[in-house]
Every structure is written in C-alpha cells, then in structure tokens.
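Chemist: Test case, fold it:
(one chain, ligands or ions: 1)
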Amino acid sequence: MKSVVFAAAAAALLASPALAQDAPQWSLAIHGGAGVIERAQLSPERDAAYRAGLQAALDAGSAVLARGGSALDAVQAAVETMEDNPLFNAGRGAVFTSAGKNELDAAVMSGPDLTAGAVAGLTRTRHPIAAARAVMEKSPHVMMIGEGAETFARSVGLEEVAPSWFFTESRWQALVRTLTERGEPVPPRPEGAPAEPARQGPAAPLAFNLNEAPLDERKFGTVGAVAMDSQGRLAAATSTGGTTGKRWGRVGDVPIIGAGTYASNADGCAVSATGAGEYFIRATVARDICQRTAEGASVQQAADAEIAEVGSIGGDGGVIVMGKDGVHAFSMNTSGMYRGAVSSTSPARVAIYGDEEGRR
Ligand code: ASP
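Modeler: Below you'll find the predicted structure:
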C-alpha cells in the first residue's frame, strides 16, 4: 500500500490560476487509468501515443460542450474515443479474463436528476458506455449484465462487433504472464484473433514490442470522464475491461454506482475512478467524495481525503472529480495517472506522471 497522495502534483496540472480555474462556463476532465507509470518505463513514442489518445478524448468531449451540448453527451463522447483506442483498458484494448475473454463494464450518471445506467460483462457491444447510457434512458433499470444487457443493447440499435474486435496482443500476453505466474492453464487464443507474432528464437521476445507490456499489469487502464456543461449540469462516465485474469463473473467498481462512478448536482460533484476495484467498492469511493463536497470540502480536498481512505485499506488508484463551479481535481496514490482537462477558460492539457506540471 502506498500512502503518498500525489495530489499536489496532480493539482499542479492546471495550476496556472489565470488559465485554469476561472469560473468556466463548461469544463471537462478525463482519465485513462492510474498505476505504476514512470518515465523510465514509457518510451517517447508510447508516451506520445498516450498523450495523443487523451487529447483526442478531450477534443471529442469539448466539441460537445463548446457547442452548448450536454455534460452527458460530452462524457460519453470522450469515453467512446478511449474505448476505441487500443492503448486503454476499455472497449478495444480491454484486458482478458482468466478464461481468455474480454468482459466489459461501464456506467454513466447524470448529476441533476441522479439517473444512472450501468452494464457489466459485455462481450460484443462496441461501446459499453453507450449501453450504460441506454440502460439509463431507455429502460426502467439501473444495471444490466451479460447476455441480457447485450440483448438490450442490440434492441436499441447499438453497434455490435465480433468479440475479437477487442483483442490486442499486448493484453493477451499480459494474461499469459499472469496465468503462468499463478500456475494456471492458459486458454487457447480467442477465435478470430490474429496468429501469434513469430519469435526469433525460443527465448526471444515476440516480434512486436512487448518490452513495455509488464507495465500494463501494474496499472489500471480504465477510462473515465467528468463534465459540467453550460447549463451547470454535471455528469460522470467510466468504462473498463476490469483487471487482467479476473475470474468467473468478476465485476469491479466501475459499474457500481457510488463506487467507481457517481454524479450529483445537489452534492456539487461528479466522480470517475480507476484502481483496484475491490477496494474502491468497499470504500464507496465516488459517493463518499460527493458526500464530502456536500459537506463543504473542495473537490481537491474531497478527492485527496477519499484516496487516502482507500489507500488505508490497501487500495491503489485515482479519481477525477468535477465540481459544480467547473473546478476539477485529480488525485491518486500511484506514481501516475493518464489524465487531462479542458474548460471554456483553459486550454486542453494532458499529463501522465505524478510530478507533471501541465506539460502537453
Ligand atoms: N477499477 C477497475 C476494476 O477494478 C480497474 C481499472 O481501474 O483499470 O475493474
């Protein structure tokens, strides 16, 4: 367990006061997962690719907000770009279960009316966040799982893909390593997956770049977004493949309303989390943060206090929080978190490492 909260560094991401937190009309913050993410481990190319992915998500979400669109549409748009980006553990690029499948979880929540939607264990819906939104808006329910959720998603016209759409070699090799370490059998490569890249020799690494892949096992690549729109409405959205090698039917914090995702205008807060889901569920992280802001804490104070609490029970990870005045906060007890923010009064910035100061 780490007790250091990188709040100061995270806050410094947008610490330039004239630029950043001047009563914006709209505001957006995103994350692409927290964890052990250090400069020495990320090649310049990989670093740049992550930053480009975060920037694309900010661009998608801010385009919605800048034209007067809703916070809900903005968080969905931002999350969908990351679901399609194989670098992140959500949608395409999701981690594998111990059975060699991609099982996807997502949730969305609307701050003004406390409506929410969540899905768990999807294997075919291209954008799980769209399915969560449909549960919220087109069903009488809050949460749907597995086959039923997929049938529902299909019934409302959401795009389906073959399960192999979500396959990436680096996530597969991460599963192979995880199961090998656990002494468990490795399932066959999924149907429709490309053939395994050739090795130069028995002990040689695979031809594609696996050197950075171990990093993926020590970070949580969940994606999320929180926003305030020009009407002051708050929303939160989170999407994930869960954790590498998760077992039968395991569901993490992401689709649990109040754990990995929560938004409430009355409480003045919207939250999306990333981290060791089992701990985030037990600490009811997202709801607690909103309770703290309702009691008068700033979004940064609330986020830091909650991350310290989840850390105290052994959980690693981070959160992004949006306040009702459009001020956002990042907080994590890991060495890095892929993250970014933009508002009507501050340009888009993205960051990765805990000690960054808003460099793009
Ligand atoms: N929180 C996610 C889960 O436990 C993992 C992550 O953040 O990447 O399913």
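
Chemist: So for the residue in the stretch 51-200 of the chain that the ligand sits nearest to, what's the nearest residue that isn't a sequence neighbour?
Modeler: Nearest residue of the stretch 51-200 of the chain to the ligand (C-beta to the nearest ligand atom) works out as N89 at 5.2 Å. C-beta here means a position set from N, CA and C on the backbone, and glycine is covered the same way. In space, and not counting its chain neighbours, N89 is closest to G221: 2.9 Å by C-beta to C-beta, 6 or more residues apart in numbering.

Chemist: Which phi and psi values does the one residue sitting closest to the centre of the chain adopt?
Modeler: Against the mean C-alpha coordinate of the chain, by C-alpha atoms, centre = their mean, the closest residue is V223 at 1.8 Å. When read as degrees, to the nearest 10, the backbone of V223 gives phi -120, psi 150.

Chemist: wait, isn't it in contact with L87?
Modeler: No: assessed by C-beta atoms under 8 Å, V223 is found out of contact with L87, at 9.9 Å.

Chemist: shared neighbours of the two, anything?
Modeler: G32 (C-beta atoms under 8 Å, 6 or more residues apart in numbering).

Chemist: for the ligand, what are the nearby residues on this structure?
Modeler: Listed as neighbours of the ligand in the chain under the rule C-beta under 6 Å from any ligand atom: 33, 89, 220-222, 240, 242-243, 252-254, 260, 274-275, 277.

Chemist: From the residues you listed, which land in strands?
Modeler: In strands, defined here by DSSP state E, the members of those are 33, 220, 240, 274-275.

Chemist: Quick one, which of the residues you listed are buried?
Modeler: Neighbour counting by 16 or more other C-beta atoms under 10 Å classes 33, 220, 240, 274-275 among these as buried.

Chemist: From those, which shows the smallest pLDDT?
Modeler: By pLDDT, F220 ranks lowest within those, coming in at 75.

Chemist: doesn't G33 make contact with it?
Modeler: Yes: assessed by C-beta under 8 Å, F220 is found in contact with G33 at 4.8 Å.

Chemist: Mutual contacts of the two, please.
Modeler: 89, 274.

Chemist: ok, now which ones touch M82?
Modeler: Residues in contact with M82 (C-beta under 8 Å, 6+ apart) are 30, 32, 53, 57, 88, 90-91, 223, 239.

Chemist: how does it look with 7 Å?
Modeler: 32, 53, 57, 88, 90, 223 (C-beta atoms under 7 Å, 6 or more residues apart in numbering).

Chemist: ok, back up a step: for burial, what's the neighbour tally of the residue of the stretch 51-200 of the chain closest to the ligand?
Modeler: 29 (other C-beta atoms under 10 Å).

Chemist: for it, what are its contacts?
Modeler: Taking C-beta under 7 Å, 6+ apart, we find N89 in contact with 33, 95, 221-222, 240-241.

Chemist: that older thread, pick out the most distant pair among the buried ones among the ones in strands among the residues of the chain next to the ligand.
Modeler: T240 and G275 (10.6 Å; C-beta to C-beta).

Chemist: hmm, who's touching the helix ranked longest in the chain?
Modeler: For the chain, the longest helix by residue count, based on DSSP state H, is helix 44-66. With contact meaning C-beta under 7 Å, 6+ apart, helix 44-66 is reached by 26, 28, 30, 32, 73-75, 77-78, 81-82, 85, 87-88, 212, 225, 227, 229, 338, 340, 342, 348, 350, 352, 360.
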